[in-house]
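In: Please work out how this folds:
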Amino acid sequence: MPKALRTSAALFTVIFTAVAGCGLVEDDDEGEAPVNGTSGTAGTGGGIGIGATSAGGDSSASGAGGSDGSSAPPGCMELEGLGECGVTSVEAEYRVANILLVIDKSGSMDDTPTGFDANKWEALKSALDESLHDVAGEVNFGLILYPFALDHQIPLVGCTDDCCDVPPDVSAVNVPVQPGADSVPLILSALEDTAPGGGTPTAAALSSAFEYFVNGEGSMLEGDRYVLLATDGGPNCNPDNSCDADRCTQNLDNQCSAPNCCAGDNGAACLDDQSVVDQIDALRAEGIPTFVVGIPGTEVYAEYLDTFALAGGATNPNAPPEYYAVEASGGVEALAQTFTDITTHLVRSCEIDLTEEPPNLELVNVAVDCEVVPSEDGEAWEIPADNPTQLLLKGNICTYVENQGARRVDVVYGCPTLR
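Out: Numbers count the residues shown, from 1 in each chain. Just a heads-up that it's a prediction; the model follows:
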């Protein structure tokens, strides 16, 4: 398993006190707050990291938020099968998810696919409005739009020298990554203040994402870092390229009738897939996976988007295809659901590090998305006796987490292990 995904479910701090009760109860103000000897569930930022059941009237570990101001996923109402038993309090310090949205606003985003009530740009705005608000309390977000000019709008028709503009380095970041409650309104405002136009300089935009996360302010973010690339076409805008018609994006998009629309000095319209792979590889080498979302219009580029997704290490759990493909027939709701699925199912590791050893390995239970997983004699999960600070998910539950992703993983100390 790639290190970037294996380590995304690591790091939490435990504090032990003995109390009674394993039931969970909802609290309207602080998530799942423990009352009357019952316990609340501490969460993981954006589903990243690990939570552990807390008990005894302290709501600080109830999924209400982390020290960086971001919140955890909603806590579990109950963990069926544990009933009433002694439980050890554990306070979890989770790893927040920092997602930089890299959004294609090329001229083709003005097109209206069959099944959409509006053009792709309006559909994208609606989908992000719905899905980002749903997880604004759990995830940190930022935004890069491309192509983008700092001092003017790139026109839908008639762009010239500005067709492929991406501001240099970190100045391309329209909204720096910050808690969703703060960034989502800024992201939606930035989307509203611009419009489609220009080419598809995907590699340049990803290069800016790399600079931000590795050399800019994004390098100081605590937690896990991700890029979510959403595009509706093939990448181009590299003037050093040359190609035949079968790799010319203007031919592939039926934008001209010439035998090779990229002939002569129009090499910038050639498919620039290798540059994109190089940038995604560079991000992943820094532990930054890339999710790839194909908006309707990318079907002709499916094999390239699959390559991007595989390079990014965050593939579609329902593959094929390897990238997250949005069908035109699904309309805005399908696009919104894709964004929601990505931003709420970020636990994809079967190896979870615990910072402290459980006090009794016979009194440990594990829940994935609030469903208790029986140990099945170590075949479903295991905390090895020779390495008691690591939880290993196995068998079908491991396959589920790796392929589908989970929103949260919880460890409960003090209750007899269900088998």
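In: drop to CA atoms for contacts and neighbour counts, all remaining ones
Out: Noted.
In: where's the spatially most central residue of the chain, which helix or strand?
Out: Against the mean C-alpha coordinate of the chain, by C-alpha atoms, centre = their mean, the closest residue is residue 343 at 4.4 Å. Using DSSP states H and E, residue 343 maps to helix 331-344.
In: which secondary element of this structure has the worst mean pLDDT?
Out: strand 18-20 (a mean of 27; mean pLDDT, DSSP states H and E).
In: all strands of the stretch 301-419 of the chain, in order?
Out: 324-325, 351-353, 364-368, 371-373, 381-382, 390-393, 409-413 (DSSP state E, counting those that start in this stretch).
In: how about these in CSV, adding mean pLDDT, mean neighbour count and distance to residue 282?
Out: Formatted as CSV, those follow (pLDDT from 0 to 100; neighbours: other C-alpha atoms under 10 Å; distance: least, C-alpha to C-alpha, whole Å):
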stretch, mean pLDDT, mean neighbour count, distance to residue 282
strand 324-325, 94, 25, 21
strand 351-353, 80, 22, 24
strand 364-368, 86, 22, 32
strand 371-373, 88, 18, 37
strand 381-382, 90, 22, 33
strand 390-393, 88, 21, 29
strand 409-413, 82, 25, 29
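In: between those strands, which one is nearest to residue 107?
Out: Distance to residue 107, taken as C-alpha to C-alpha, is lowest for strand 324-325 among the strands of the stretch 301-419 of the chain, at 19.8 Å.
In: and residue 319, what does it touch?
Out: Not one residue lies near residue 319 by C-alpha atoms under 8 Å, 6 or more residues apart in numbering.
In: Ramachandran angles for it?
Out: When read as degrees, to the nearest 10, the backbone of residue 319 gives phi -60, psi 150.
In: mind checking how far it is from residue 227?
Out: From residue 319 over to residue 227 the distance is 19 Å, taken as C-alpha to C-alpha, to the nearest Å.
In: Kindly report the same for residue 218.
Out: Look at residue 218 and residue 227: by C-alpha to C-alpha, they are 12 Å apart.
In: Which one of the two is surrounded by more residues?
Out: Between residue 218 and residue 227, residue 227 has the larger neighbour count (other C-alpha atoms under 10 Å), namely 27 against 21.
In: Look at that one and give its secondary structure.
Out: strand (DSSP: H, G, I helix; E, B strand; the rest coil).
In: Spit out the contact partners of it.
Out: Here residue 227 is in contact with 99-102, 209, 288-291 (C-alpha under 8 Å, 6+ apart).
In: Likewise for residue 174?
Out: 142-145, 187, 190.
In: quick one: secondary structure of it?
Out: strand.
In: And for the one 4 residues further on?
Out: Residue 178 falls in the strand class when you classify it by three-state DSSP.
In: Which of the helices or strands spans the residue lying closest to it once chain neighbours are set aside?
Out: With sequence-adjacent residues excluded and distances taken as C-alpha to C-alpha, 6 or more residues apart in numbering, residue 178 is closest to residue 140, at 5.0 Å. Take DSSP H and E as the rule and residue 140 turns out to sit in strand 139-146.
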